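Asks: Build me a structure from this.
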Amino acid sequence: MELNLQRPLLFFDIESTGLNIATDCIAELSFVKALPGGETRIRTWRFKPWDYNAGRQYPMTPSASAVNGIKDEDLKDCPRFCDKVDEVIEWIGDSDLAGFNSSKFDLPMLAEEIERVRKYTGKVIDINLHDKRMVDVQNIYHFMEPRNLKAAYRFYCGGVDFDNAHSAEADTVATYEVLKGQLEMYGDRLKNDVEFLSGVAGRPKTIDYAGRLVMGDNGEPVISFGKHKGKTAREVYQNEPSYFAWIETGEFTLDTKRQFALLKQRFDKEKREAWHARQERLNRPATDEELASLANKFKTGKLF
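Replies: Numbers count the residues shown, from 1 in each chain. All right, here's what the predicted structure looks like:
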């Protein structure tokens, strides 16, 4: 079954130097862009993982190399992510996003690399991945038939394994085929619609990819860890603004720090606007209704 798309759906997969989103880097990135009408386009990059603080190549961890087969020497002549970020952003464009387990790892890792470029190069990058709808094929798979990508491909795509598992491009193409197979199999339970698919399994909406901030039932961001777990970010900022400074200097992902910083900007702006509104009320002339009320109080002798 072909996908019912109103705009492009970008499948992507990352091979990285390790699994620590705050410190590890992208070594390989592959995009498969499914366009309305059925056309697909594929683009794969290899990057030299870069330690911006040390100014040198960031090494592959042995455990990552054992899985993806990528070694440090394979990447030494590749461009850095920051050298190709414009091309990556152009490929993303106005697409919705899709991947296999990507909402937990690949999407946070991609966001972190973009935040590093913003922080260390000062480059203006006009994209917010949090605004994108994300179809996680693994969520649908586990919701329907709990297992992994290789088993998913075997289950939904004719009972055979796919070649080159754990290369970014093969995994990305397989993920695209699995989603189409899921729609074929569960056509009576799944809607061929990206907005519906992105919400399958009803995961709570996180504000940052690490899940340190979640959206509360009343639309207020809520802290989900530590001593302030369950409190709104607004309440914590009003009572303990130093907590936000602790987040900024702590060992959190750059995306988490950015989301806390954006909330701080919002709360400060609301406070300034409330102060100015109060000053305007104090400095404006009294209305006829207020003057009449005051005159009545003088007549009755009850000023307070």
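
Asks: Please compute how far the strand or helix carrying G181 lies from its chain's middle.
Replies: Using DSSP states H and E, G181 sits in helix 168-185. How far helix 168-185 lies from its chain's middle: 21 Å, per Cα atoms, centre = their mean, to the nearest Å.

Asks: what do you get for stretch 93-104?
Replies: With Cα atoms, centre = their mean as the basis, stretch 93-104 stands 9 Å off its chain's centre.

Asks: And stretch 162-175, by the same measure?
Replies: 23 Å.

Asks: quick one: average confidence on that stretch?
Replies: Averaged across stretch 162-175, pLDDT comes to 86.

Asks: Lowest mean pLDDT among the helices and strands, pick that one out for the chain.
Replies: Using mean pLDDT, DSSP states H and E, helix 288-300 stands out as the lowest-scoring helix or strand of the chain, at a mean of 70.

Asks: so what's the residue nearest to I127 when sequence neighbours are not counted up against?
Replies: With Cβ to Cβ, 6 or more residues apart in numbering as the criterion, I127 has its nearest non-adjacent residue at 5.3 Å, and that residue is I89. To be clear about C-beta, it is placed using only N, CA and C from the backbone, and glycine gets the same treatment. Listed by Cβ atoms under 8 Å, 6 or more residues apart in numbering, the contact set of I89 reads I114, I125, D126, I127.

Asks: other SSEs contacting the helix or strand just after the helix holding G181?
Replies: Using DSSP H and E, the helix or strand that follows helix 168-185 in sequence is helix 194-198. For helix 194-198, the packing partners by 3 or more Cβ pairs under 8 Å, 6 or more residues apart in numbering; DSSP states H and E come out as strand 134-136.

Asks: partner strands of the strand it packs on, parallel or antiparallel?
Replies: Partners of strand 134-136 in the sheet, by DSSP bridges, are strand 96-99 (parallel).

Asks: Show me which parts of the helix or strand just after the partner strand are buried, residue by residue.
Replies: Counting by DSSP H and E, the next helix or strand C-terminal to strand 96-99 is helix 106-121. By neighbour count on 16 or more other Cβ atoms under 10 Å, the buried set for helix 106-121 is 106-118.

Asks: now the strands for this structure?
Replies: Assigned by DSSP state E, the strands in the chain fall at 9-16, 26-34, 40-46, 50-51, 56-57, 96-99, 134-136, 213-215, 221-223.

Asks: which residues are in contact with the last one?
Replies: So that's strand 221-223. 207, 212-216, 229-234, 236, 263.

Asks: what's the answer for the third one, then?
Replies: With Cβ under 8 Å, 6+ apart as the contact definition, strand 40-46 has outside contacts at 27-35, 70, 74-75, 78-79, 84, 87-88, 91, 168-169, 172-173, 176.

Asks: follow-up on the earlier one: please name whichever of the strands of the chain is nearest to A295.
Replies: strand 221-223 (47.3 Å; Cβ to Cβ).

Asks: How about the contacts made by K269?
Replies: K269 neighbours (Cβ under 8 Å, 6+ apart): none.

Asks: Just the pLDDT at it, thanks.
Replies: In this prediction, K269 has a pLDDT value of 94.

Asks: what about it, distance to L263?
Replies: Here K269 is placed at a distance of 11 Å from L263 (Cβ to Cβ, to the nearest Å).

Asks: before we move on, what about V160?
Replies: 48 Å.

Asks: just Q138 next, same as before
Replies: 29 Å.

Asks: Can you pull the domain assignment for the protein?
Replies: Annotated domains of the chain cover 9-198, 213-283 [automatic domain parsing].

Asks: pretty sure R118 contacts N128?
Replies: No - R118 is not in contact with N128 according to Cβ atoms under 8 Å; the separation is 11.4 Å.

Asks: which one of V160 and L263 has more residues nearby?
Replies: Set side by side, V160 and L263 show more neighbours around L263, with 20 against 8, by other Cβ atoms under 10 Å.

Asks: Do you have the helices of the stretch 201-304 of the chain handy? List them.
Replies: Using DSSP state H, counting those that start in this stretch, the helices of the stretch 201-304 of the chain run over 233-239, 242-249, 254-283, 288-300.

Asks: Tabulate those in TSV, adding columns for distance to Y186.
Replies: Below are the helices of the stretch 201-304 of the chain laid out as TSV (distance: least, Cβ to Cβ, whole Å):
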stretch	distance to Y186
helix 233-239	38
helix 242-249	41
helix 254-283	32
helix 288-300	63
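
Asks: tell me the most buried of the ones you listed?
Replies: helix 233-239 (a mean of 16; mean count of other Cβ atoms under 10 Å).
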